[in-house]
Every structure is written in C-alpha cells, then in structure tokens.
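1. Model the structure of this input:
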Amino acid sequence: MKLRKKFNFSLYNTLILTYSFSLLISLFLSCSASNCPLESNVTCNYGFYDSEGSPIKINDEITISTLLPGSKTVYIYKRLNESTVTLDSRDESYIAKGYSETISIIRRDTVLLNKISGASSIKVPMSYHYDKDTIIISYASITNKDTLYISHKSYTHIDLPECGTKQFHKLKDIKSTDSGIFNTEIVNSDVNYDGNENIKIYFNGVAE
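-> All right, here's what the predicted structure looks like:
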C-alpha cells in the first residue's frame, strides 16, 4: 500500500507571499522610475534681444567659450610666410622644419558652442565646483570679444532616489563687457531642467 505524500501548504503559502511581494516591489520601482523627468539636462538658458527688448536672431557667426580656473602652458611655432601653430605639448618636428618655438602661459578655456549663426538663444551648462562662471562670446564680424561674469550658488536636487541627483543653480548676479552687448538681465534665477529662460542678452542696435 502506497502512502500519499502530504502537501506542504505552509511552504506553498510562503512561496506565494514571497513572489507577490517581489512583484509588488518591481511594480513600485517601475512606476517610480517612470516619474523621473524626461528632460534632465541642467543648462542656463540665454535669450537674444535688441537694445529695445525685441527678440532677435544673431546673423553674425558666434562662438561660445567658458573660462576654466587656472592656466596652461602652450607651445607656439612660427615661421615666415606660414600660419602660426599653437599646441598644448611640444612638437620638435616643427623645429626641424625651421619654425621658432615660444613657450607661453595662457588662460584655460573650452569651446561650448562653435561657430553658430542664426541663433535666437543658447543653452550653456554651469559649473558646480565654483560659484562664478565666465562665458566668452566671440564674433566673426567684431574683433573684440564679450565676456559675461555670472555669480551663482549650486545645490544638489533629488526628485526620487532612483532618478539620481542633479546639480541645480541659483543665479545671483551678472555683468558683461560691451563690445557687442548693450545690457544683460537675469529674468529667472532658478537654473534647472524646466527649460525656462534665465538670462536676457540685449545686443547693440535695433532690429529692423
């Protein structure tokens, strides 16, 4: 006579509860992750205007750079009737070709937007290691550049733990040179990923 094995209902219930709990956790994390912002790039947004406040597009070709802390050593090679070459490291092949070498200390900067035209606005990331940013605008048709000095405070922002952290900024002050710029104004001091305009740049002249 064969004995029927007794089914372990306690073990079965434990497995069901464990599976159900795991499923609920997965659904919760999935729902939470879907609540993360779709646009998560934090940029300071600049709008372009003429001196009377009308929105404009810049017909000139401009390049946007930012000044980095400290300085760097560069090697400058010159030869008669040849273009000057500037490098971040020594290249003895130029000396062999008859170039003269000059070692110089210059400021450190990096290009953020290179040779754009027809722009009515720009989006520029901000530093969160320093409380002052220096933005340089170079013009194709103007020899002198414009420099913007932006003071701000950075802080960590968390929407949800699974979304990670972002660095938001609070604008405090802005000053600029006046080669092509008439005036600057902070219109929204909160720099985040909402996409709102933060700074207005008024350029010299009036749009036709």
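2. so where is this protein shaky, pLDDT-wise?
-> 1-35, 37-40 (pLDDT under 70).
3. Which parts of it are strands?
-> Using DSSP state E, the strands assigned to the chain run over residues 44-49, 62-78, 85-87, 100-116, 121-124, 132-139, 146-158, 165-176, 181-186, 190-191, 199-203.
4. deepest of those, which one?
-> strand 199-203 (a mean of 21; mean count of other C-beta atoms under 10 Å). Just so you know, the C-beta spots here come from the backbone N, C-alpha and C atoms, and that holds for glycine as well.
5. Would you reformat the strands of the chain as a markdown table and include distance to residue 93?
-> Listed next are the strands of the chain as a markdown table, based on distance: least, C-beta to C-beta, whole Å:
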| stretch | distance to residue 93 |
| --- | --- |
| strand 44-49 | 42 |
| strand 62-78 | 9 |
| strand 85-87 | 11 |
| strand 100-116 | 11 |
| strand 121-124 | 37 |
| strand 132-139 | 30 |
| strand 146-158 | 35 |
| strand 165-176 | 42 |
| strand 181-186 | 42 |
| strand 190-191 | 45 |
| strand 199-203 | 43 |
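6. what sits against the residue sitting nearest the centre point of the chain?
-> When C-alpha atoms, centre = their mean is applied to the chain, the residue found nearest the centroid is residue 125 (2.0 Å). The neighbours of residue 125, taking C-beta atoms under 8 Å, 6 or more residues apart in numbering as the test, are 41-44, 112.
7. What is the neighbour count of residue 50?
-> For residue 50, the count of nearby residues is 16 (other C-beta atoms under 10 Å).
8. was I right about it contacting residue 206?
-> Yes: at 5.0 Å, residue 50 counts as touching residue 206 under the criterion of C-beta atoms under 8 Å.
9. what's the most distant pair in the contacts of residue 125?
-> 42 and 112 (14.1 Å; C-beta to C-beta).
10. residue contacts, residue 185?
-> Neighbours of residue 185 in contact, by C-beta under 8 Å, 6+ apart: 174, 199-200, 202.
11. How about residue 156?
-> Residues counted as contacts of residue 156 (C-beta under 8 Å, 6+ apart) are 165-168.
12. one step back: quick one, which of the strands of the chain gets closest to residue 94.
-> strand 62-78 (4.1 Å).
13. which one among the contacts of residue 156 gets closest to residue 75?
-> residue 167 (35.2 Å).
14. Look up the residues forming beta bridges with that closest one.
-> residue 156 (DSSP bridges).
15. likewise residue 199?
-> Beta-bridge partners, per DSSP bridges, of residue 199: residue 46, residue 186.
16. Relative to residue 77, how far out is it?
-> 39 Å (C-beta to C-beta, to the nearest Å).
17. And residue 188, by the same measure?
-> Residue 188 is 46 Å from residue 77, by C-beta to C-beta.
18. Now residue 41. Nearest residue, chain neighbours left out?
-> Computed as C-beta to C-beta, 6 or more residues apart in numbering, the closest residue to residue 41 that is not its neighbour in sequence is residue 193, at 6.0 Å.
19. Please work out how many residues are found near that neighbour.
-> Residue 193, neighbours per other C-beta under 10 Å, totals 16.
20. Settle this for me: it is touching residue 44, isn't it.
-> No: with contact defined as C-beta under 8 Å, residue 193 does not count as touching residue 44 (11.4 Å).
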